[in-house]
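In: A structural model of the following input is requested.
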Amino acid sequence: MDYKPENDFYGNAPQKPFTEKNDYSQPAQRYVPQQQAFTPQPSNQPFEPPVPPQDFNPEKPLMPKKPQQNQPVEIPAVEMPQSEQFNPVQHTAVYQNGAFVTPEPPRFPQNAYGQPQPPYPPQGYYPQPVQQNIYAHPEQQNVYAQPEQQNVYAQPKPPKQKSNKGLIAVIIVLSVLLAGSLAGILVYVLHNGSQQTAKNDDSVNGFHEFTLPDNGNGGGFFQQEATAPVVNDQSDYSDKIIPDYSGMKLEKKPSDAEKNTEYGSEYAFKSVSESVVGIMAYSDKDKTQLKSQGSGIIISQGGYLITNAHVIGNSKTAYAISVITSDGKEYNAGVVGFDSRTDLAVLKMDDAENLKPATFGDSSDLTLGEDVIIVGNPGGISYQNSMTKGVVSALDRDASNKSIVKFIQTDAAINPGNSGGPAVNMYGQVIGVASSKIAGVVYEGMGFCIPTATVKEIVDSLVKNGYVEGRVKIGIVGTAVDLETATYNNVPQGIYVDQVDKDGPCGGTKLAEGDIVTALDGETITNFSEIYNVLEKHKDGDKVTLKYYQASTGKEVEEEITLAADK
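Out: Alright, predicted model coming up:
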């Protein structure tokens with residue numbers, strides 16, 4: 001019976017080199033000799049190299065003759081010198097002049113790409129099979145393949161790249177545009193970073209942002225710190241003064257302060273919440289354009305209340321004003337008087353009666369670490385009568401370059417809309433008026449309140465007179481120019497003149513809008529607190545020297561002025 005092998009290599013599958021008869025009942029197994037390094041044994045016989053067959057042709061693949069069926073393959077032993085350890089992987093014999101010799105290592109010339117380029121094997125090249133299965137299928141393992149089929153020395157030539165000058169030009173243009181964009185972004189980041197740094201530094205030196213409003217300046221170079229233009233004469237309640245006003249009363253802490261366990265934040269909020277109001281300031285008489293929101297504290301049953309001067313635009317006529325009480329009732333109101341130097345104002349509600357006034361405590365009794373709450377409308381009237389809690393962090397702080405106040409510092413949250421609201425101790429007594437906070441992004445819990453000792457002094461005078469007695473003015477409306485703004489615009493620091501009162505002390509001088517006041521009475525002026533401190537030293541009728549930068553000529557000018565009462 002004829003046997004058909006599974007793999008038809010050469011017509012018949014090779015058999016294992018055994019002498020016993022093959023059992024064809026099982027499928028034939030391909031002979032795969034173990035992969036062992038060829039190590040010839042020494043022999044006393046002289047080495048006789050084999051003679052190539054007569055039909056040897058180097059142009060054709062040389063395959064060994066197929067052995068007869070079931071016959072072992074005999075590989076002749078080759079004697080090598082004892083002094084050399086033969087490594088069949090490294091040593092490749094070449095048949096030349098009737099003998100096998102070991103060729104010199106190939107020295108490859110470099111090709112056009114600077115890479116070694118070995119030549120094809122020479123004619124007559126006849127490598128010995130090393131660790132190979134000489135019966136393997138040619139497609140699987142053909143060590144005698146032609147160079148076109150298996151060229152172990154050839155180096156592949158890299159493909160020739162095509163030049164695309166148009167694409168290169170586009171890439172260059174895009175790279176330039178990208179570099180320009182990155183440079184612009186870097187300049188922007190650095191500039192804004194320097195601005196933020198300057199603001200943070202100002203905060204450390206006392207700069208702070210009022211909680212509301214922006215006074216219509218829209219975030220420009222200068223922060224408006226002056227009286228807003230007149231839009232509503234009906235808000236001027238100067239005729240609502242009380243000449244015989246007895247003044248605010250500051251209560252001492254209750255005698256049972258240390259024993260009564262009822263005192264706390266809950267007790268304090270219940271005590272003061274009905275006395276806190278919301279203030280809405282509109283830039284038009286019809287009250288359709290809301291400009292500013294804040295909080296206030298009722299000081300009388302008839303509707304007098306306290307708030308911040310910046311909430312009503314540091315003016316009696318800037319806004320049309322409405323006041324909303326804790327029970328939701330809305331009242332028209334006007335300005336009795338205000339004081340920019342302490343950021344306090346007194347308002348009067350129309351047709352109000354039977355309101356609950358707040359109880360005021362003496363801020364001089366405060367101690368560090370004492371608990372306080374802030375009550376008001378953070379974020380506006382939508383969050384009316386909100387409460388935050390903290391402690392007294394510090395006393396007598398010089399926390400503003402716009403005010404002469406020595407503030408109470410607290411970590412109780414003060415947000416836009418809290419301006420003018422009360423800071424209350426645990427006994428339900430108002431001990432301060434929330435005014436401002438440090439607004440730098442790297443700061444938390446640094447709010448400032450005007451102490452009631454200062455509030456009483458200013459409010460008493462405003463209710464009696466509509467202004468603070470003993471105050472003098474130079475008769476200008478201005479804006480503080482900080483260092484960064486001065487450097488950017490190549491002008492000196494000082495008070496930028498927005499408006500000159502023609503009937504005031506500067507009315508007869510050459511001082512004009514756009515000029516910058518740099519000194520007063522021999523003292524350098526860079527912000528409002530400095531000019532206020534100079535004015536606090538003088539009285540009505542005093543003569544002082546005014547120094548200013550004249551914008552029209554770029555020169556500094558000095559003139560003498562006579563101070564007038566600030567009414």
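In: R341 is in contact with T454, correct?
Out: No: at 10.4 Å, T454 does not count as touching R341 under the criterion of Cβ atoms under 8 Å. C-beta coordinates here come from the backbone N, C-alpha and C atoms, glycine included.
In: show me where pLDDT drops low in the stretch 51-200 of the chain?
Out: Applying pLDDT under 70 to the stretch 51-200 of the chain flags residues 51-165, 170, 176, 180-200.
In: go on, the chain?
Out: Ranges of the chain meeting pLDDT under 70: 1-165, 170, 176, 180-231, 440.
In: what about the longest strand in it?
Out: For the chain, the longest strand by residue count, based on DSSP state E, is strand 386-397.
In: okay, now the sheet partners of that one, with direction.
Out: If you go by DSSP bridges, strand 386-397 pairs up with strand 371-376 (antiparallel), strand 407-410 (antiparallel).
In: in a markdown table, list the ones you listed along with mean neighbour count and distance to V424.
Out: What follows is those, written out as a markdown table (neighbours: other Cβ atoms under 10 Å; distance: least, Cβ to Cβ, whole Å):
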| stretch | mean neighbour count | distance to V424 |
| --- | --- | --- |
| strand 371-376 | 25 | 5 |
| strand 407-410 | 25 | 11 |
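In: how about those, which one is nearest S529?
Out: S529 lies closest to strand 407-410 among these, at 12.0 Å (Cβ to Cβ).
In: next secondary structure after the closest one?
Out: Sequence-wise, the next helix or strand downstream of strand 407-410 (DSSP states H and E) is strand 422-425.
In: which secondary structure elements does that following strand contact?
Out: Judged by 3 or more Cβ pairs under 8 Å, 6 or more residues apart in numbering; DSSP states H and E, strand 422-425 is in contact with helix 265-272, strand 371-376, strand 430-437.
In: in TSV: the strands paired with strand 386-397, plus distance to A434.
Out: Listed next are the strands paired with strand 386-397 as TSV, based on distance: least, Cβ to Cβ, whole Å:
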stretch	distance to A434
strand 371-376	6
strand 407-410	9
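In: residues near the residue nearest to I474 when sequence neighbours are not counted, how many?
Out: Residue nearest to I474 in three dimensions, not counting chain neighbours: P505, with 5.1 Å by Cβ to Cβ, 6 or more residues apart in numbering. If you count neighbours by other Cβ atoms under 10 Å, P505 ends up with 23.
In: quick one: residues contacting P505.
Out: Each residue near P505 by Cβ atoms under 8 Å, 6 or more residues apart in numbering is listed here: K473, I474, G475, I561, T562, L563, A564.
In: which residues in this structure form helices?
Out: Secondary structure of the chain by DSSP state H: the helices cover 165-204, 265-272, 452-465, 483-489, 528-535.
In: wait, I306 sits on K348?
Out: No: counting by Cβ under 8 Å, I306 stays clear of K348, with 11.3 Å between them.
In: who has more neighbours, the two?
Out: Neighbour count, other Cβ under 10 Å: between I306 and K348, I306 has more, with 27 against 24.
In: skipping adjacent residues, who's closest to the more buried one in space?
Out: I297 is the one closest to I306 (Cβ to Cβ, 6+ apart), at 4.8 Å.
In: tell me how far that neighbour lies from K252.
Out: 19 Å (Cβ to Cβ, to the nearest Å).
In: higher neighbour count, these two?
Out: Neighbour totals were compared for I297 and K252, and I297 leads with 27 against 12 (other Cβ under 10 Å).
In: can you tell me which residues contact that one?
Out: S275, V276, V277, L305, I306, T307, A358, G420, G421, P422, V430, V433.
In: ok, now which ones touch A564?
Out: A564 neighbours (Cβ under 8 Å, 6+ apart): V472, K473, G475, G504, P505, D540, G541.
In: ok, back up a step: pull out the buried members of the contacts of P505.
Out: When the contacts of P505 are checked for burial by 16 or more other Cβ atoms under 10 Å, the buried set is K473, I474, G475, I561, L563, A564.
In: and the two most separated of the residues you listed?
Out: Every pair of the buried ones among the contacts of P505 checked by Cβ to Cβ; the farthest is K473 and I561, at 10.4 Å.
In: phi and psi next, for the nearest residue to S238 once chain neighbours are set aside.
Out: Once flanking residues are discounted, S238 sits nearest to G466: 4.5 Å by Cβ to Cβ, 6+ apart. Dihedral pair for G466: phi 90, psi 0, per degrees, to the nearest 10.
In: measure stretch 343-355 end to end?
Out: Chord length of stretch 343-355, first to last residue, is 24 Å (Cα to Cα, to the nearest Å).
In: list the buried residues of it.
Out: Neighbour counts over stretch 343-355 (16+ other Cβ under 10 Å) mark D343, L344, A345, V346, L347, K348, M349, A352, L355 as buried.
In: quick revisit: who touches the longest strand of the chain?
Out: By Cβ under 8 Å, 6+ apart, the list of residues contacting strand 386-397 from outside reads 265, 269, 366-378, 406-414, 445-448, 451.
In: that one vs strand 430-437, what angle?
Out: Taking axes from the mean of the first three to the mean of the last three Cα atoms, to 10 degrees, one finds strand 386-397 and strand 430-437 inclined to each other by 90 degrees.
In: give the buried residues for strand 386-397.
Out: Per 16+ other Cβ under 10 Å, strand 386-397 contains these buried residues: S386, M387, T388, K389, G390, V392, S393, R397.
In: sorry, back to before: let's have the buried ones among the contacts of P505 in a markdown table, adding distance to A257.
Out: Shown next, in a markdown table, are the buried ones among the contacts of P505 (distance: Cβ to Cβ, whole Å):
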| residue | distance to A257 |
| --- | --- |
| K473 | 43 |
| I474 | 46 |
| G475 | 48 |
| I561 | 51 |
| L563 | 46 |
| A564 | 47 |
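In: which residues sit in contact with the residue nearest to S238?
Out: S238, I241, V336, G337, K567.
In: which of the contacts of P505 lies closest to D362?
Out: K473 (30.8 Å).
In: residue contacts, that closest one?
Out: The neighbours of K473, taking Cβ under 8 Å, 6+ apart as the test, are G504, P505, L535, L563, A564, A565, D566.
In: next, the buried residues of stretch 540-548.
Out: Within stretch 540-548, the residues scored as buried using 16+ other Cβ under 10 Å are V544, L546, K547, Y548.
In: surely the first one and E560 touch.
Out: In other words, V544. Yes: using Cβ under 8 Å, V544 is in contact with E560, at 7.3 Å.
In: what do these two both touch?
Out: Residues touching both V544 and E560 by Cβ under 8 Å, 6+ apart: none at all.
In: from what I can see E560 touches G522, true?
Out: No: if you go by Cβ under 8 Å, E560 and G522 don't touch, sitting 12.0 Å apart.
In: what do these two both touch?
Out: Common neighbours of E560 and G522, counting by Cβ under 8 Å, 6+ apart, are T545.
In: coming back round to it: of the contacts of I297, buried ones?
Out: The neighbour count (16+ other Cβ under 10 Å) marks S275, V276, V277, L305, I306, T307, A358, G420, G421, P422, V430, V433 as buried among these.
In: before we move on, the earlier item: and which of the buried residues of strand 386-397 is nearest to K287?
Out: For the buried residues of strand 386-397, the nearest to K287 is S386 (23.8 Å; Cβ to Cβ).
In: the closest one and D482: what is the separation?
Out: From S386 to D482 the distance is 32 Å (Cβ to Cβ).
In: tabulate the contacts of I297 (a markdown table), appending distance to L178.
Out: Putting the contacts of I297 into a markdown table (distance: Cβ to Cβ, whole Å) gives the following:
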| residue | distance to L178 |
| --- | --- |
| S275 | 62 |
| V276 | 56 |
| V277 | 57 |
| L305 | 59 |
| I306 | 58 |
| T307 | 53 |
| A358 | 62 |
| G420 | 52 |
| G421 | 52 |
| P422 | 56 |
| V430 | 60 |
| V433 | 54 |
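In: burial of A519, as a residue count?
Out: 21.
In: actually Q234, sorry about that
Out: For Q234, using other Cβ under 10 Å, the count is 11.
In: got the contact list for the residue nearest to T452 when sequence neighbours are not counted?
Out: The spatially closest residue to T452, leaving aside those adjacent along the chain, is S363, at 4.4 Å (Cβ to Cβ, 6+ apart). By Cβ under 8 Å, 6+ apart, the contact list for S363 reads L250, I408, I431, G432, P451, T452, A453, T454.
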